[in-house]
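Colleague: sequence first, predicted coordinates after that:
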Amino acid sequence: MSESEAGLPKPRLHIGLTGGIASGKSTVAAELAALGAIVVDADALSRAVVEPGSEGLDRVREALGPTAIAADGSMDRAAVGKLVFADPEARKLLNGIIHPLVRAEGRRLVAEAGPDAVVVQDVPLLVETGQADAYDLVLVVEADPAERVARMVRDRGMSEDDARARIAAQATDEQRRAAADVLIVNDAGLEDLRRTTRRVWEQYVAPKLT
Ligand SMILES: CC(C)(COP(=O)(O)OP(=O)(O)OC[C@H]1O[C@@H](n2cnc3c(N)ncnc32)[C@H](O)[C@@H]1O)[C@@H](O)C(=O)NCCC(=O)NCCS
Ligand SMILES: Nc1ncnc2c1ncn2[C@@H]1O[C@H](COP(=O)(O)OP(=O)(O)OP(=O)(O)O)[C@@H](O)[C@H]1O
């Protein structure tokens with residue numbers, strides 16, 4: 001069994017999946033899971049590490065103040081989102097608390113998947129956090145920014161300004177392309193995106209499993 005730098009067992013194939021907000025990553029991840037991959041979702045981990053009672057949430061309260069906490073004791077995600085996407089310094093503070101916790105938890109889940117697994121890590125900020133070299137293969141999903149804004153407004157009740165602020169807080173399409181081994185362009189329907197994902201599996205993943 002090969003080992004990662006940290007001495008943890010490596011999976012058979014370790015895939016990094018990224019893309020801008022609302023680009024289609026979760027759809028690609030779900031299709032890869034249906035093909036047999038184990039998916040580790042950084043967004044889900046970023047919620048788990050600030051659950052009520054966690055050290056992560058205590059640190060968010062200390063860093064951002066009591067307005068970061070809702071009446072029920074959970075993180076007030078709407079309030080924190082408003083704050084950090086308007087203020088790069090606050091975003092840096094929050095990232096500095098949450099990202100190391102997410103990375104540690106991600107490493108644990110990857111090791112737990114075992115040496116035979118194909119592991120896909122869905123990491124929205126893979127490029128921003130300089131992690132491209134940690135993967136055997138980096139998949140980047142790209143979609144038209146105007147379409148992504150429309151999806152956020154339609155599905156998540158965001159204002160156009162809030163949606164644009166999130167896009168502005170992330171890497172550009174050019175920066176993500178530069179890190180991509182495979183670029184998945186999501187410019188047609190959902191079924192087309194799933195079909196493209198199956199083709200990527202056939203071309204880049206399946207040959208490494210024989
Ligand atoms: C700011 C928070 C509270 C907003 O919560 P909310 O429920 O509205 O959004 P959610 O967590 O579902 O994130 C949705 C998307 O927003 C984008 N996003 C989230 N945080 C960031 C960030 N710090 N910088 C840039 N984009 C971000 C990502 O594309 C992510 O997929 C939350 O996103 C958070 O805790 N962010 C810090 C941790 C983080 O970087 N998460 C994303 C990758 S691990
Ligand atoms: N080609 C498409 N046609 C129609 N709807 C789409 C298409 N691609 C994605 N969507 C829809 O857009 C929304 C965002 O897609 P998805 O959740 O896969 O993106 P994401 O990159 O994981 O988002 P986030 O960064 O917020 O986690 C979903 O409601 C999805 O069904």
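Modeller: Thanks, I have it. Numbering: from 1, shown residues only. Ligands and ions are numbered 1, 2, ... in the order given.

Colleague: what does the protein put close to ligand 2?
Modeller: 19, 21-27, 43, 124, 151, 155, 186, 188-190, 193 (C-beta under 6 Å from any ligand atom). Bear in mind the C-beta positions are built from the backbone N, C-alpha and C, glycine included.

Colleague: distance of the residue lying closest to Ala30 once chain neighbours are set aside from ligand 1?
Modeller: Nearest non-adjacent residue to Ala30, counting by C-beta to C-beta, 6 or more residues apart in numbering: Val39, 7.8 Å away. Shown here: Val39 relative to ligand 1, a distance of 14 Å by C-beta to the nearest ligand atom, to the nearest Å.

Colleague: same question, Asp76
Modeller: Taking C-beta to the nearest ligand atom, one finds Asp76 at 8 Å from ligand 1.

Colleague: for Gly16, same thing?
Modeller: Taking C-beta to the nearest ligand atom, one finds Gly16 at 13 Å from ligand 1.

Colleague: check Asp133 too.
Modeller: Relative to ligand 1, and taking C-beta to the nearest ligand atom, Asp133 is found at 18 Å.

Colleague: surely that residue is in a helix?
Modeller: Yes: secondary structure of Asp133 (DSSP: H, G, I helix; E, B strand; the rest coil): part of a helix.

Colleague: give me the number of residues near it?
Modeller: 8 (other C-beta atoms under 10 Å).

Colleague: mind checking pLDDT for it?
Modeller: As predicted, Asp133 sits at a pLDDT of 96.

Colleague: equivalent analysis for the one 10 residues further on, please.
Modeller: The model reports Ala143 with a pLDDT of 98.

Colleague: re the thing from before, show me how to select, in ChimeraX, the buried members of the residues of the chain next to ligand 2.
Modeller: Burial among these is assessed by 16 or more other C-beta atoms under 10 Å; the matching ChimeraX selection reads:
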select :19,21,22,23,24,25,26,27,124,151,186,193
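
Colleague: so Ala179 touches Val127, yeah?
Modeller: Yes: in this structure, Ala179 is within contact of Val127 by C-beta atoms under 8 Å, at 4.9 Å.

Colleague: list residues touching both of the two?
Modeller: Thr18 (C-beta atoms under 8 Å, 6 or more residues apart in numbering).

Colleague: okay then, goodbye and thanks.
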